[in-house]
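[1] what would the 3D arrangement of this be:
(3 chains)
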Amino acid sequence: MGRQPCCDKLLVKKGPWTVEEDKKLINFLLNNGHRCWRALPKLAGLRRCGKSCRLRWTNYLRPDLKRGLLSDAEEQLVIDIHALIGNIWSKIAARLPGRTDNEIKNYWNTHIKKKLLKMEIDESSTITHQNSSKDDYELLGDIIHNDEDLFNILWTNDEPPLVGPSWSNNNVGVVGTVGDKNNIVAGEDLPTWPLEEKNGDSWMFLDYCQNFGVQDFRFDCYHGFGQSFMETGHKD
DNA sequence: AACCCATGCAACCGCATTCTC
DNA sequence: AGAGAATGCGGTTGCATGGGT
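    Residues are numbered from 1 along each chain as shown, chains lettered A, B, ... in the order given. Okay, here's the model as predicted:
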């Protein structure tokens, strides 16, 4: 009855991920996708729990992740959505492409909470948009006209992000084509790691990713690993 | 220079829900 | 139908780092 345990806890490694482990995980996911997280560690040669692998991938290694502080517009959007639905970080993250629930949760606890307290704002009360750039906010909330609209959108099933393209990591490894630098062509919507880096010995980029984030080194699908690579398949 | 403390963030934990047998 | 594993998620912890003294 039922399934097998997710992992043998005695053999599972914990703590910070090493560059080697990251390489193995990325390599495996790029070639195989993630049909079963439980089986993944064994197949990828990792002494990690499947849960840990999923977390590492979704929160840190996914090529479409943005790194660094949230923009004013993103921050304002988080504040607005949080005012409506509370600590449902996954829902909030779904509205911010390239951001993870964990990241937003951390950002909320470290930056926004503090900021709001400082401003002596009751988090449950209506929050105005006075601190964000009007242009940025309009760009983000183009389809949001009031809080009721936003609330409705948040609870629909197949919700598109408010800005930018969505990305399903069920299709990892499929090479996408890029219409312009901000839009992956529908149906071929997948980012991929540069082949030269993936197949060669040069995994140095992972060290950089560790330190600065994927986005900083332009490995994400939206801004391109060099525009020409994304358009022609060749690195600059 | 050395220590202490505050901060930020990656990773873990545990619970709830979903899925499989 | 129900038991139990898989998955997803929010809360929490622990460590690295930077700033202050």
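[2] near DNA strand B, which residues of chain A are found?
    Counting by C-beta under 7 Å from any atom of the strand, chain A comes close to DNA strand B at A:1-3, A:13-17, A:51-52, A:55-56, A:59-60, A:69, A:102-103, A:105-107, A:109-111, A:114. Placement of C-beta: from N, CA and C, glycine included.
[3] ok, of those, which come out buried?
    The neighbour-count test (16 or more other C-beta atoms under 10 Å) marks A:17, A:52, A:55-56, A:60, A:103, A:105, A:107 as buried among those.
[4] out of those, what pair is the most spread apart?
    A:Ser52 and A:Tyr107 (22.1 Å; C-beta to C-beta).
[5] please list which of the buried ones among the residues of chain A next to DNA strand B are also close to DNA strand C.
    Answer for these near DNA strand C (C-beta under 7 Å from any atom of the strand): A:55, A:105.
[6] so A:Asp64 sits against A:Arg99, correct?
    No. At 10.1 Å, A:Asp64 does not count as touching A:Arg99 under the criterion of C-beta atoms under 8 Å.
[7] hang on, the earlier thing: so which of the residues of chain A next to DNA strand B sit within strands?
    Among the residues of chain A next to DNA strand B, no member falls in strands (DSSP state E).
[8] just those residues: which are in helices?
    Counted as lying in helices by DSSP state H, out of the residues of chain A next to DNA strand B, are A:51-52, A:55-56, A:102-103, A:105-107, A:114.
[9] A:Leu46: what secondary structure?
    Classification of A:Leu46 using DSSP: H, G, I helix; E, B strand; the rest coil returns coil.
[10] which ones are touching A:Arg41?
    Careful, residue A:41 is Pro; it's not Arg. A:Pro41 makes contact with A:7, A:12, A:47-50, A:53 under the criterion C-beta atoms under 8 Å, 6 or more residues apart in numbering.
[11] could I get those as TSV with pLDDT?
    Compiled in TSV, the contacts of A:Pro41 are given as follows (pLDDT from 0 to 100):
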residue	pLDDT
A:Cys7	56
A:Val12	78
A:Arg47	87
A:Arg48	89
A:Cys49	87
A:Gly50	87
A:Cys53	90
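[12] just for chain A, where's the confidence low?
    Residue ranges of chain A with pLDDT under 70: A:1-11, A:118-236.
[13] and with 90 instead?
    A:1-16, A:18-20, A:22-51, A:54-55, A:57-236 (pLDDT under 90).
[14] how does it divide up, domain by domain?
    According to automatic domain parsing, chain A comprises the domains A:19-61, A:72-154, A:169-232.
[15] got the end-to-end distance for the shortest one?
    According to C-alpha to C-alpha, to the nearest Å, domain A:19-61 extends 11 Å from its N-terminal end residue to its C-terminal end residue.
[16] looking at it, A:Leu96 is touching A:Glu74, isn't it?
    Yes. At 5.7 Å, A:Leu96 and A:Glu74 qualify as touching, with contact defined as C-beta under 8 Å.
[17] follow-up on the earlier one: how about the contacts of A:Pro41, which pair is most distant?
    A:Arg47 and A:Gly50 (11.7 Å).
[18] higher neighbour count, those two?
    A:Gly50 (19 against 14; other C-beta atoms under 10 Å).
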